[in-house]
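Asker: My questions concern the predicted model and sequence given below.
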Amino acid sequence: MPDWLNIALRSIGAVAYLFILTKLIGKRQIRQLTYIEYIVGITIGSIAGFMAMEMDGPIHHSLIALTIFALFPVLLEWLSLKSKVIRNVVEGNATILIKDGKVLEDNLKSERLTTEDLLEHLRMKNVFRVADVEFALMESSGELSVLLKSQHQPITPQHLELTVSPAEEPQAVIMDGAIMDEPLATIGLNRNWVRAELEKAGVALENVFLGQVDKGGQLYLDLYDDKLQVPQPTEMKLTFATLKKCQADLELFALETKDRRMKLAYRIDSEELQDVIDQIKPLLIR
């Protein structure tokens, strides 16, 4: 067998076996590496390179070494699940770097971080003032977790005691100028609905790069030509405005009529309609 073909086959075998071992190790080790996993990753790469290029040695020796090194972090992970002591040794602990807006210099030195490093990590979390931070911890993965002081946290609907509709994933029903049938079926729509919405928007299907439908049934379009502006859907807002007008008309009728029975009926209808509006407002106004 020619040397080049031998190297090619060994390289393909090494890549295939590394892929199998990576699947065995799992996604967690891909996302973040502990000290042991970092060491194992470097060693496995070296062994795989040796396996591909060393044509004199038997290939099964390299496979055995790869298997042992790959199974080592799996074993440690299993032991870590059973013992917190082992987990602390293998994965380490989080370190508090900022507390009550004060930088803990000793902890910063223990993590071998400079002031510039800390500020960079904070900027990556959209924090530019140390005084705004309640807690900042360096996780064992090397990521910085930041908790802002209450007065500097972003305002949410809960802070304002507002009720909003739950967020749901929009369905991509048009991609690259083609209608996607499976997402349409998921939300109970069809191609005729998409074509009707495109006709209302005055847009040709082949000009649509991406089309998404939210849970309210509104189609949002992104065109290939970024200079063209697509009108935003207004059906929900118009529906809300119509309901509010009906409720206001009922209140007006209750004020104008002289018939006490009709006045009471109009007032009751107005209150009931207002209850309906309050319930569906989060779905219509987003």
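Answerer: Cool, got the structure. Because the structure is predicted, anything quoted here is derived from the model rather than measured.

Asker: Past the helix or strand containing Leu198, which element shows up next along the chain?
Answerer: For Leu198, the element it lies in under DSSP states H and E is helix 191-201. The C-terminal neighbour of helix 191-201 among helices and strands, as given by DSSP H and E, is strand 208-213.

Asker: Tell me what angle that next one forms with helix 191-201.
Answerer: 110 degrees (axes from the mean of the first three to the mean of the last three Cα atoms, to 10 degrees).

Asker: What mean pLDDT does strand 208-213 get?
Answerer: If you average the pLDDT over strand 208-213, you get 89.

Asker: Describe which strands it pairs with in its sheet and in which direction.
Answerer: Strand pairing for strand 208-213, determined by DSSP bridges: strand 171-175 (antiparallel), strand 219-223 (antiparallel).

Asker: pLDDT (mean, whole number) over the first one?
Answerer: Averaged over strand 171-175, pLDDT sits at 90.

Asker: Any buried residues in that strand, and which?
Answerer: Within strand 171-175, the residues scored as buried using 16 or more other Cβ atoms under 10 Å are Gln171, Val173, Ile174. For glycine as for every other residue, the C-beta is placed from the backbone atoms N, C-alpha and C.

Asker: Same check on the last one?
Answerer: When neighbours are counted by 16+ other Cβ under 10 Å, the buried residues of strand 219-223 are found to be Leu219, Leu221, Leu223.

Asker: what's the burial count for Leu198?
Answerer: Number of residues near Leu198 (other Cβ atoms under 10 Å) recorded here: 19.

Asker: can you list the buried residues of strand 219-223 in CSV and add pLDDT and distance to Ile47?
Answerer: Formatted as CSV, these follow (pLDDT from 0 to 100; distance: Cβ to Cβ, whole Å):
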residue, pLDDT, distance to Ile47
Leu219, 85, 53
Leu221, 87, 52
Leu223, 86, 51
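
Asker: need these in CSV with distance to His61, can you?
Answerer: Formatted as CSV, the buried residues of strand 219-223 follow (distance: Cβ to Cβ, whole Å):
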residue, distance to His61
Leu219, 60
Leu221, 59
Leu223, 59
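
Asker: How about Ile187, nearest residue that isn't a chain neighbour?
Answerer: Leaving aside its sequence neighbours, Ile187 sits nearest to Gln171 (Cβ to Cβ, 6 or more residues apart in numbering; 5.4 Å).

Asker: ok now do that neighbour, which residues does it touch?
Answerer: Pro183, Leu184, Thr186, Ile187, Gln212, Val213 (Cβ atoms under 8 Å, 6 or more residues apart in numbering).

Asker: quick one: which of those is nearest Ile98?
Answerer: Nearest to Ile98 among the contacts of Gln171 is Gln212, at 39.5 Å by Cβ to Cβ.

Asker: what's the distance between Thr242 and Leu273?
Answerer: Shown here: Thr242 relative to Leu273, a distance of 11 Å by Cβ to Cβ, to the nearest Å.

Asker: quick one: which of the two has more around it?
Answerer: Leu273 (18 against 10).

Asker: which secondary structure element contains the more buried one?
Answerer: Judged by DSSP H and E, Leu273 forms part of helix 260-284.

Asker: Equivalent analysis for Ile98, please.
Answerer: Using DSSP H and E, Ile98 falls in strand 95-99.

Asker: now what about that strand, what contacts it?
Answerer: Identification of contacts with strand 95-99 by Cβ under 8 Å, 6+ apart yields 103-104, 107-108, 110-111, 113, 118, 130, 133-138, 144.

Asker: which of the residues in it are buried?
Answerer: By neighbour count on 16+ other Cβ under 10 Å, the buried set for strand 95-99 is Thr95, Leu97, Ile98.

Asker: Then stretch 100-120?
Answerer: Buried residues in stretch 100-120 (16+ other Cβ under 10 Å): Val103, Asn107, Leu108, Leu113, Leu118.

Asker: Any idea how far apart the tips of it sit?
Answerer: In stretch 100-120, first residue to last residue: 19 Å (Cα to Cα, to the nearest Å).

Asker: returning to that earlier point: CSV for the buried residues of stretch 100-120, including distance to Phe19?
Answerer: CSV is the format used below for the buried residues of stretch 100-120 (distance: Cβ to Cβ, whole Å):
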residue, distance to Phe19
Val103, 44
Asn107, 40
Leu108, 40
Leu113, 35
Leu118, 38
